[in-house]
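Asker: based on what follows, work out the 3D shape:
(one chain, ligands or ions: 2)
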Amino acid sequence: MQIKQIDWYQLALPLKAPFKTSYGELKEKAFDLIVLTDELGTQGYGELVTLATPEYTYESLASSRLIAQQFLVPLLKKTTLSHPSEVYELFSSIKGNEMAKACLETAVWDLYARRTNQNLGTLMPEALHNEVAVGVSIGIIEDMTQLVQTVANFIAEGYTRVKLKIKPGYDMIPVKTLRQHFPDLKLMVDANSAYSLSDSQHLKQLDAYQLEMIEQPFADNDFLDHATLQQELATTICLDENIKSLKDVELSHQLHSCRAINLKIPRVGGLMEAFKILDYCRKHDLLVWLGGMYESGVGRALNLQFAAQMSLTFPGDISASDRYFYEDVITQPFKISNGKILRPTAAGSGVQLNHEVITRHLIDHQCL
Ligand code: OSB
Ligand code: MG
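Answerer: Ligands and ions are numbered 1, 2, ... in the order given. The predicted structure is shown next:
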């Protein structure tokens, strides 16, 4: 398999509603779509999901694009691949920059699946569900009436698990309010690193609300303070930003920094490393579930294929396309029904590009 052409589309889709977190407010999702063409003319799709600003992890959309185009694309173009499992190793001379690597690595997986006329999910290590139970991530909504109404609407749409973003000054009151209104809801919170060890006694109050977990309370490079907090809390701590490789998962497990892992394929450099993490978590009884990056349909299809694997029992951050966007870049946007999204079973990730929508939101197109 040889990559002959790379079409690089820069896009931005407006969000239906602004999404507020502890680190900022998002009004549109800027991202890149990568279309690989091989020597047979088969195409494979990848999505560069990195946020515009380096506030979630150190990568930014522009830095990921630069690393990918300047260093990874040349490596990919000069190599003849026999299997997509070789790409992670091919990129290993380039340090870090996991999201840059993942957009190309996952595109090669998609391409390989399409050229061999197989569904991408069936190339994954585990048996698959055809319907995937999904959860929804909700930004900071200061007005409590509006917050309760928003959650009620998502529950009515079928979402079976709700994750609320929190930050200092916006934590106990919204959590208590939601728990009072929805006593049986699978509820969890995500702090995106907004707290520090001195907040431990404050965070311990969250134990009163039967939360599924508390995601990433402390800094993205901290394993020790998380371990101290996990020892003090009854609630499960889940790490997100910390986890960029299997090594990080091993470290978190051995130090008891958490009891759950939010796994994002782009944040760990692609599918190969994600498979290894899944295997490790299964063997060590570490709860693992699939996170999201406000993906367009291309990244969402990949996430859905991965999350369909049997050991991912906890609903991931994989909502329907219309949770964030008015229109999607694929011909059949994802819909939720009874809390589940149908896994596409066609070749590759199972989706086709909608070029009309892509053209409408196109910022730039390069042919590499
Ligand atoms: O912290 O999980 C996070 C989105 C972008 C970056 C980080 C995070 C998120 C989300 C949204 O929580 C998940 C989604 O619906 O895609
Ligand atoms: Mg998170």
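Asker: and the pLDDT for the residue in the stretch 251-368 of the chain that ligand 1 sits nearest to?
Answerer: The stretch 251-368 of the chain approaches ligand 1 most closely through G292 (2.5 Å), counting by C-beta to the nearest ligand atom. Bear in mind the C-beta positions are built from the backbone N, C-alpha and C, glycine included. With respect to pLDDT, G292 scores 98.
Asker: name the SS class of it, please.
Answerer: At G292, secondary structure determined by DSSP: H, G, I helix; E, B strand; the rest coil is coil.
Asker: tell me the contacts of the residue of the stretch 151-300 of the chain found nearest ligand 2?
Answerer: Nearest to ligand 2, among the residues of the stretch 151-300 of the chain, is D240, at 3.6 Å (C-beta to the ion). Applying C-beta atoms under 8 Å, 6 or more residues apart in numbering to D240 gives the contacts 190, 192, 215-216, 262, 264, 267, 291.
Asker: could you rerun that using 7 Å?
Answerer: Taking C-beta atoms under 7 Å, 6 or more residues apart in numbering, we find D240 in contact with 215-216, 262, 291.
Asker: which pair of the residues you listed spans the longest distance?
Answerer: For these, the maximum inter-member distance is 10.2 Å, found between Q216 and G291 (C-beta to C-beta).
Asker: out of the two, which sits in the busier spot?
Answerer: Q216 (26 against 23; other C-beta atoms under 10 Å).
Asker: is ligand 1 contacted by the longest strand along the chain?
Answerer: Longest strand in the chain, counting residues (DSSP state E): strand 3-21. No. Strand 3-21 lies apart from ligand 1 when judged by C-beta under 6 Å from any ligand atom; the minimum separation is 7.1 Å.
Asker: contacts for that strand?
Answerer: 25-39, 73, 76-77, 139-140, 165, 192, 296, 324-326, 358, 361-368.
Asker: which secondary structure elements does the helix or strand following that strand contact?
Answerer: Of the helices and strands lying after strand 3-21 in sequence (DSSP states H and E), the nearest is strand 24-38. With contacts taken as 3 or more C-beta pairs under 7 Å, 6 or more residues apart in numbering; DSSP states H and E, strand 24-38 sits against strand 3-21, strand 43-48, helix 98-115.
Asker: now do the shortest one against helix 98-115, angle only.
Answerer: An angle of 160 degrees separates the directions of strand 43-48 and helix 98-115 when computed by axes from the mean of the first three to the mean of the last three C-alpha atoms, to 10 degrees.
Asker: contacts for the very next helix or strand once past strand 43-48?
Answerer: The helix or strand immediately downstream of strand 43-48 is helix 61-67, counting by DSSP H and E. Outside helix 61-67, the residues within contact range by C-beta under 7 Å, 6+ apart are 30, 32, 48, 50-52, 94, 97, 99-100.
Asker: avg pLDDT for stretch 112-130?
Answerer: Rounded mean pLDDT across stretch 112-130 is 98.
Asker: nope, stretch 355-368 is what I meant
Answerer: pLDDT averaged over stretch 355-368 gives 98.
Asker: need the contact partners of it.
Answerer: Counting by C-beta under 7 Å, 6+ apart, 5-13, 33, 69, 73, 327-329 sit against stretch 355-368.
Asker: closest to I155 among the residues you listed?
Answerer: Taking these together and measuring to I155 by C-beta to C-beta, the closest member is D328, at 22.9 Å.
Asker: next, the contact list for the closest one, please.
Answerer: 296-297, 321, 357.
Asker: taking those, please make a PyMOL selection of just the buried ones.
Answerer: The PyMOL command for the buried members of the contacts of D328 (criterion: 16 or more other C-beta atoms under 10 Å) is given here:
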select buried, resi 296+297+321+357
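Asker: farthest-separated two in the contacts of D328?
Answerer: S321 and V357 (10.7 Å).
Asker: any chance of JSON lines for the helices and strands packed on strand 24-38, columns mean neighbour count?
Answerer: Shown next, in JSON lines, are the helices and strands packed on strand 24-38 (neighbours: other C-beta atoms under 10 Å):
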{"stretch": "strand 3-21", "mean neighbour count": "17"}
{"stretch": "strand 43-48", "mean neighbour count": "26"}
{"stretch": "helix 98-115", "mean neighbour count": "27"}
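Asker: need the ones you listed in a markdown table with distance to E250, can you?
Answerer: Shown next, in a markdown table, are these (distance: least, C-beta to C-beta, whole Å):
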| stretch | distance to E250 |
| --- | --- |
| strand 3-21 | 28 |
| strand 43-48 | 27 |
| helix 98-115 | 16 |
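Asker: ok, and which of the contacts of strand 3-21 reach ligand 2?
Answerer: Residues of those in contact with ligand 2 (C-beta under 5 Å from the ion): none.
Asker: buried among these? Make that a PyMOL selection.
Answerer: Of those, the buried ones can be selected in PyMOL as follows, counting by 16+ other C-beta under 10 Å:
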select buried, resi 26+28+29+30+31+32+33+34+35+36+37+38+73+76+139+140+165+192+296+324+325+358+361
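Asker: sorry, back to before: tell me the angle the longest strand of the chain makes with strand 43-48.
Answerer: Going by the same axes, to 10 degrees, strand 3-21 makes 30 degrees with strand 43-48.
Asker: is there proximity between strand 3-21 and ligand 2?
Answerer: No. With C-beta under 5 Å from the ion as the criterion, ligand 2 is not reached by strand 3-21; the gap is at least 8.6 Å.
Asker: quick one: residues contacting the nearest residue to K163 once chain neighbours are set aside.
Answerer: In space, and not counting its chain neighbours, K163 is closest to S137: 4.6 Å by C-beta to C-beta, 6 or more residues apart in numbering. By C-beta under 7 Å, 6+ apart, the contact list for S137 reads 163, 292, 317.
Asker: compute the number of surrounding residues for the residue of the stretch 251-368 of the chain closest to ligand 1.
Answerer: Residues near G292, counting by other C-beta under 10 Å: 25.
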